[in-house]
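Peer 1: quick one: sequence plus predicted model below, questions after.
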Amino acid sequence: MLSAVEYCHALLRERLLPGDLALDATAGNGHDTHFLAQLIGPDGKVFGFDVQAAAIAATRRLLQRWGVPEGCYHLIEDSHAALAERLPEQAQGRLAAAVFNLGYLPGGDKSVITRPETTLPAVRAALEWLRPGGLLLVVLYPGHPGGAEEAQVLRDFASGLPSRQWQVTEYRTLNARQAPPAVLAIEKASPESGPDWEI
Ligand SMILES: C[S@@+](CC[C@H](N)C(=O)[O-])C[C@H]1O[C@@H](n2cnc3c(N)ncnc32)[C@H](O)[C@@H]1O
């Protein structure tokens, strides 16, 4: 079985094409930003948000170490809740993918965690900015304090999205002894979404 992050990356690998635009809503140590940058190549662009200066610096260092050209990424030290104000207008309705890898910065300050009161508005805004056929992925961590509540808020929101416009799935282990990470995937309908779209 794939881990939650591996599953997320497998979906992105299938979906993203060179030249696409993508959002990493929680840049952290930069691994997801780098993964997105690799998939979309020199003609694409990845926008990376994080509230912590240390995370933005770590992400920049990782991208530089891997030789990702500067024009291929834009890192923003701010909450993802401000994405509609901070992303360039030309990106509206053009994001091929948005990734929210929730929780705290591994190896960093564990008191700085994503919270439903900012994560939910950010997810709503990011869905607006997706292009038709775009994919929003949330890696949920119900195992840390506050994580289960945040996961439930997002599940409740996503379950209520109208099925004509959105397809929502969840990938999670059913027989784990502790609360394992899970992936919530929300796909925006495209003109090519066939008759099987509405389940
Ligand atoms: C699990 S880490 C992300 C891992 C990262 N994607 C990677 O590949 O290394 C979660 C990150 O979310 C950030 N974060 C917390 N609240 C945030 C917010 N409101 N907006 C943006 N980032 C936030 C934390 O600072 C932390 O770096």
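Peer 2: Perfect, thanks for sending it. Numbers count the residues shown, from 1 in each chain.
Peer 1: contacts and neighbour counts: CA atoms only from here.
Peer 2: Fine.
Peer 1: on the three-state scheme, residue 144 is what?
Peer 2: Counting by DSSP: H, G, I helix; E, B strand; the rest coil, the backbone at residue 144 sits in coil.
Peer 1: that one: what's it in contact with?
Peer 2: Each residue near residue 144 by CA atoms under 8 Å, 6 or more residues apart in numbering is listed here: residue 103.
Peer 1: going forward, the N-terminal residue is numbered 490.
Peer 2: Taking 490 as the first residue, the last one we looked at is residue 633.
Peer 1: and the pLDDT at it?
Peer 2: We have a pLDDT of 89 for residue 633.
Peer 1: does the residue nearest to residue 625 when sequence neighbours are not counted sit in a helix or strand, and which one?
Peer 2: Excluding the flanking residues, the one nearest residue 625 by CA to CA, 6 or more residues apart in numbering is residue 587, at 4.7 Å. Taking DSSP states H and E as the definition, one finds residue 587 inside strand 584-590.
Peer 1: before we move on, what about residue 516?
Peer 2: Of the helices and strands defined by DSSP H and E, none includes residue 516.
Peer 1: also the one 5 residues further on?
Peer 2: According to DSSP H and E, residue 521 maps onto helix 520-529.
Peer 1: all set, thanks.
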